[in-house]
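>>> Test case, fold it:
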Amino acid sequence: MHAPAPALPPTAPHAAPADHAACRAAIRAGSKSFYAASLLLPARVRRPAYGLYAFCRCADDAVDEIRGPARRRAAVEALGERLARAYAGRPADGPADRALADVVAEHAIPEALPRALLEGLAWDAEGRRYADLPALAAYAARVAGTVGAMMTLIMGRRAPEV
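Here you go, the predicted model:
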């Protein structure tokens with residue numbers, strides 16, 4: 001367990017250039033399709049996109065790579081704590097966490113969006129199966145739709161129809 005991060009104002013920059021480079025490298029190695037697509041993004045969007053996606057990728061991996069329902073539930077709970085720390089301006093000690101803290105503050109991303117992602121990951125942890133298309137759509141909205149919604153905010157688009 002890491003010692004609590006020092007209290008910082010939520011708007012203070014948390015991520016150093018090395019953190020952003022680590023997020024970019026993690027995406028380049030672990031999410032090749034997103035990395036390729038990210039090269040089409042404007043430069044002002046690319047860096048926060050890497051930070052956001054690095055946290056989402058780490059979160060997904062944290063649940064998928066663990067065996068046993070109890071351990072998977074514990075992983076989701078730990079992710080919830082990491083998310084709370086990022087929103088409080090006291091990110092956990094890791095490049096993706098520090099980058100996420102900056103991204104959510106700079107782009108005013110409502111906490112409900114990444115919380116919904118964690119809910120979808122909790123469904124993964126439970127081993128939930130989807131009997132019909134509406135149930136599958138509810139899952140997809142959480143694990144993919146939330147990332148898309150957060151990306152629109154990073155791109156500066158806040159209109160409901162977007």
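
>>> Low-confidence stretches in the chain?
1-12 (pLDDT under 70).

>>> Distance check, the residue nearest the centre of it against Val63.
Nearest to the mean C-alpha position of the chain, by CA atoms, centre = their mean, lies Cys56 at 3.1 Å. Separation of Cys56 from Val63 (CB to CB, to the nearest Å) stands at 11 Å. Using the backbone N, CA and C atoms, a C-beta is placed for each residue, glycine as well.

>>> Compute the number of surrounding residues for Ser33.
Ser33: 7 surrounding residues under other CB atoms under 10 Å.

>>> ditto for Ala49
As a burial measure, Ala49 scores 24 neighbours (other CB under 10 Å).

>>> And the helices in this structure?
17-30, 32-38, 43-64, 69-87, 95-106, 112-126, 133-140, 146-154 (DSSP state H).

>>> will you turn the ones you listed into TSV that also has distance to Val162?
Shown next, in TSV, are the helices of the chain (distance: least, CB to CB, whole Å):
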stretch	distance to Val162
helix 17-30	23
helix 32-38	18
helix 43-64	14
helix 69-87	23
helix 95-106	18
helix 112-126	14
helix 133-140	18
helix 146-154	5
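
>>> out of those helices, deepest packed?
helix 95-106 (a mean of 25; mean count of other CB atoms under 10 Å).

>>> Show the contacting residues for Pro69.
125-127 (CB atoms under 8 Å, 6 or more residues apart in numbering).
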